[in-house]
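Visitor: quick one: sequence plus predicted model below, questions after.
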Amino acid sequence: MKNLCQHDALLAMGDKVQSLVVGSHHRRGQLDQFPVNILSALFPNLKSLCLSHAKTIESIKIDFRHLKQLHIQLDDTSSNDFPRRLFKMVLSDQCNIEIFGYESQYFDRKWLPETTVSLAMRRLTFKTYDFSHLSSITKHTPNLEYLNGIATDFYFDDLSPINLPHLTDLALADEMRPKQYGRYQIYRADFDLITAFIEQFAATLTNLSLNIPHSNQDEQISIEKLTCRLKKLKYFDYYIKTSHSSYIYSMPFAFKTYCGTQSNVGDSSMWTNVEQVSMDWFIIGKPEFGCLKNVKRLILTEHYLAEMKDDVHARIEDVQINSCCELSVIEEYLWNMFPRLQMVEVNCSHRSYDNHTIIARTLLSMLNKLVSLTFAYVPSGSCDMVCPLPTIEAVVTSVSKLDKERQITKQFQMVVNEKEDYLQWWK
């Protein structure tokens, strides 16, 4: 009686239904009691259908070709018969489906038709155990504009040429790998294959998304190598989690701080959010500041300051220098490189070669040109205990002695923190 009431209710509203989802992860038995074989009669105006996670999905005999959108999620126990019939219908010139999604841990190329193609399909989501079948299925979708590939193992073993002249959106994602399969490692060769796969669509691609949260190596895709070849790229999201860190990149860049050196950053409109550039020891090369129009603060090491000493960056007003060994040396570079410099923070390593008198004299010389100056000692494992550095108190005492005549420090407020080993002046 209960099933009869449900069927009567469906019949009463059936001609109004255009989109239907049957089955779910949490209620796998739902589809088993649903009259799927009479969907066409129940819902004559149905345009979108999602069928998921049920054993009886294999016995479905309905024709999907009248739909505009179809998403199928198959259990691992599914037989070969239903997928074969499914792809024969979906990948044909008589099919009207424009948006198609397929999810299963198992896929066999033998399921695909030999020659027929779908001219209607524009968007494809394909989720399976790896990306090796993307080239096989996309041969049957020549008008594809959007491709979303999701895999348990993020690798390619087939780089057969793919001709998708209309593809503008590409998304590749690493699905969580089941524990029973162990940990998967992505190596440099894998990233080279991924890059080569993406570059096939360089002439048309405008949107690219890469999500790789389960790499256990420190290898990455070369952002510069990839983006410089994608001439029409407007939006790019890239996330990777390696064995030691996570890396997030987007275009237009979504963050105020850019940690990296992208020599080919493209149109300056993509970087309007960036106000600060941070360069650390693992960075190779220099940023293209000409495209970073709103950057006024720079964080870098003494090493990179020396590398950039012949450059001039008129917009930079605030510089933080880490791993400083010789304060007297960096002063030579600062105002030649940054003529509008107003604020400086120096984090001096405990292996500094300057004594407290040289440090004090250099700080006064810098302070005379600034509105804010912070000087700090940063603990280092290479500290020379035989000849230890002067304390912050000794530096302050030297500054006071040297400044008796010039009175530079009287124009500033000052904070000295001996516990944290830093002192700061500001107007």
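Guide: Alright, I've got the coordinates. Numbering: from 1, shown residues only.
Visitor: for stretch 134-151, the averaged confidence score.
Guide: In this model, stretch 134-151 has an average pLDDT of 92.
Visitor: give me the distance from it to the chain's centre.
Guide: 22 Å (C-alpha atoms, centre = their mean, to the nearest Å).
Visitor: also stretch 90-104?
Guide: Using C-alpha atoms, centre = their mean, the offset of stretch 90-104 from its chain centre is 29 Å.
Visitor: can you give me the buried ones in that stretch?
Guide: Neighbour-count burial for stretch 90-104, with 16 or more other C-beta atoms under 10 Å as criterion, is recorded at 90, 91, 92, 95, 97, 98, 99, 100, 101, 102, 103, 104. All C-beta spots, glycine's among them, are computed from the backbone N, C-alpha and C.
Visitor: send the alpha carbons of that stretch over as PDB?
Guide: Listed next in PDB are the C-alpha coordinates belonging to stretch 90-104 (Å, rounded to 0.1, in the frame of the first residue of the first chain):
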ATOM      1  CA  VAL A  90      25.500   8.600 -24.400                       C
ATOM      2  CA  LEU A  91      28.400   8.700 -27.000                       C
ATOM      3  CA  SER A  92      26.300   8.800 -30.100                       C
ATOM      4  CA  ASP A  93      25.200  11.500 -32.500                       C
ATOM      5  CA  GLN A  94      21.600  10.800 -31.700                       C
ATOM      6  CA  CYS A  95      22.100  11.700 -28.000                       C
ATOM      7  CA  ASN A  96      20.900  15.100 -26.700                       C
ATOM      8  CA  ILE A  97      22.900  15.000 -23.400                       C
ATOM      9  CA  GLU A  98      24.900  18.200 -23.000                       C
ATOM     10  CA  ILE A  99      26.200  17.500 -19.500                       C
ATOM     11  CA  PHE A 100      27.400  14.000 -18.500                       C
ATOM     12  CA  GLY A 101      29.000  12.700 -15.300                       C
ATOM     13  CA  TYR A 102      30.400   9.200 -14.700                       C
ATOM     14  CA  GLU A 103      31.800   8.000 -11.400                       C
ATOM     15  CA  SER A 104      33.200   4.500 -10.700                       C
END
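Visitor: list the contacts of it.
Guide: With contact meaning C-beta atoms under 8 Å, 6 or more residues apart in numbering, stretch 90-104 is reached by 48, 50, 52, 64-76, 78, 83, 89, 112-113, 116-128, 137, 140-141, 150.
Visitor: before we move on, the earlier item: out of the buried residues of stretch 90-104, the closest to residue 419 would be?
Guide: residue 103 (57.6 Å; C-beta to C-beta).
Visitor: from the buried residues of stretch 90-104, which land in strands?
Guide: 99, 100, 101, 102, 103 (DSSP state E).
Visitor: how much space separates residue 104 from residue 129?
Guide: Look at residue 104 and residue 129: by C-beta to C-beta, to the nearest Å, they are 9 Å apart.
Visitor: same thing with residue 416?
Guide: 62 Å.
Visitor: same drill for these two, tell me which one is more crowded.
Guide: residue 129 (16 against 13; other C-beta atoms under 10 Å).
Visitor: what sits against that one?
Guide: 105, 106, 107, 151, 152, 153 are the contacts of residue 129 under C-beta under 8 Å, 6+ apart.
Visitor: gap between the first one and residue 112?
Guide: Remark: distance between residue 105 and residue 112 (C-beta to C-beta) = 18 Å.
Visitor: compare neighbour counts for the two and give me the winner.
Guide: Legend: neighbour count by other C-beta under 10 Å for residue 105 and residue 112, higher for residue 112 (18 against 14).
Visitor: distance check, that one against residue 135.
Guide: In terms of C-beta to C-beta, residue 112 sits 11 Å off from residue 135.
Visitor: then residue 307?
Guide: 43 Å.
Visitor: cool, residue 145 as well?
Guide: From residue 145 to residue 135 the distance is 17 Å (C-beta to C-beta).
Visitor: which residue ranges form the strands in the stretch 201-350 of the chain?
Guide: Assigned by DSSP state E, counting those that start in this stretch, the strands in the stretch 201-350 of the chain fall at 207-212, 235-241, 246-251, 257-259, 276-278, 297-301, 318-324, 343-349.
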